[in-house]
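J.: my questions are about this predicted structure, shown below with the sequence.
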Amino acid sequence: MGWQRCIGVSLVLAGVATATSQAAEAPRPRIDSLIAQARGTEIFLRFRLGGALNPELATRIQAGLETAIRYDIRLYRHNAHWFWDYSMGKVRYRVSATFDPVTREYVIVETMDDKPFSRSSTRDFGDVARRLVSHDNLPTFRVREDGLTNLYVTMRATFDSGYLFTIIPVDSRTDWAESNRFEVLAVRR
């Protein structure tokens, strides 16, 4: 009985090693571009997540399973005199897509810090894919004062990348990406 247990454990470990090596060979998802822009005291983002929408995620969406990507976004002010920068805020942006087989439409739901942000529907899968992995004008922060300089935003994405042994969900997470430096201009009064 002992040698059978050893063989079973060896097979499980070999399966885990194979799954790990396959995951290591696949290109990791990454945030390709992250651009921050201040308009008055509001900060808007433009970003694109590359390598996240693989055929497995596309199949999940088309099968009617909710597929979501969560973006952790943080605002910092660079501090030239210390080793760490001043954190000014953080938000969690989430976008999800679900296929409704009755209406034959994809429903896209966006939330910001778990509060409803936007809800829409489309029949075009290309539009769904674009909305999951990019945004051109996302309002993320409103600062209380103007005249701030050396601000930047960091972002990372987290999403369900599949299942290990078809039952254990596996999350994939990108590295943190950093935006350009920008400033909130002083408003003339």
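T.: Thanks, I have the structure now. Just so it is clear, the model here is predicted, and its values are computed rather than measured. Residues are numbered from 1 along each chain as shown.
J.: when you work out contacts or count neighbours from here on, use the C-alpha atoms and nothing else.
T.: Fine.
J.: packing partners for the helix or strand containing Ala58?
T.: Using DSSP states H and E, Ala58 maps to helix 55-62. Judged by 3 or more C-alpha pairs under 8 Å, 6 or more residues apart in numbering; DSSP states H and E, helix 55-62 is in contact with strand 67-77, strand 86-100, strand 148-164.
J.: export those as TSV, with columns for mean pLDDT, mean neighbour count and distance to Ser172.
T.: Below are the helices and strands packed on helix 55-62 laid out as TSV (pLDDT from 0 to 100; neighbours: other C-alpha atoms under 10 Å; distance: least, C-alpha to C-alpha, whole Å):
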stretch	mean pLDDT	mean neighbour count	distance to Ser172
strand 67-77	93	20	10
strand 86-100	93	18	15
strand 148-164	81	18	5
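J.: redo the ones you listed as TSV? Include distance to Ser33.
T.: Formatted as TSV, the helices and strands packed on helix 55-62 follow (distance: least, C-alpha to C-alpha, whole Å):
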stretch	distance to Ser33
strand 67-77	14
strand 86-100	16
strand 148-164	10
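J.: out of these, nearest to Gly40?
T.: Gly40 sits nearest to strand 148-164 of all those, at 11.0 Å, using C-alpha to C-alpha.
J.: tell me the angle that closest one makes with strand 67-77.
T.: With axes from the mean of the first three to the mean of the last three C-alpha atoms, to 10 degrees defining the directions, strand 148-164 sits at 150 degrees from strand 67-77.
J.: strand 148-164 vs helix 55-62, what angle?
T.: Using the same axes, to 10 degrees: strand 148-164 against helix 55-62 is 90 degrees.
J.: how much space between the residue most central in space within the chain and Gly64?
T.: Using C-alpha atoms, centre = their mean, the residue of the chain that lies closest to the mean C-alpha position is Ala157, 2.5 Å off. Going from Ala157 to Gly64 by C-alpha to C-alpha, to the nearest Å gives 22 Å.
J.: likewise for Val184?
T.: 43 Å.
J.: which one of the two is surrounded by more residues?
T.: Legend: neighbour count by other C-alpha atoms under 10 Å for Val184 and Gly64, higher for Val184 (20 against 14).
J.: pLDDT weak spots in the chain?
T.: 1-27, 161-171, 186-189 (pLDDT under 70).
J.: let's see it at 50
T.: 1, 6, 8-14, 16-24, 165 (pLDDT under 50).
J.: wait, Leu34 sits on Ala177?
T.: Yes: counting by C-alpha atoms under 8 Å, Leu34 does reach Ala177; the two are 7.1 Å apart.
J.: next, show the common contact partners of the two.
T.: Common contact partners of Leu34 and Ala177 (C-alpha atoms under 8 Å, 6 or more residues apart in numbering): Met155.
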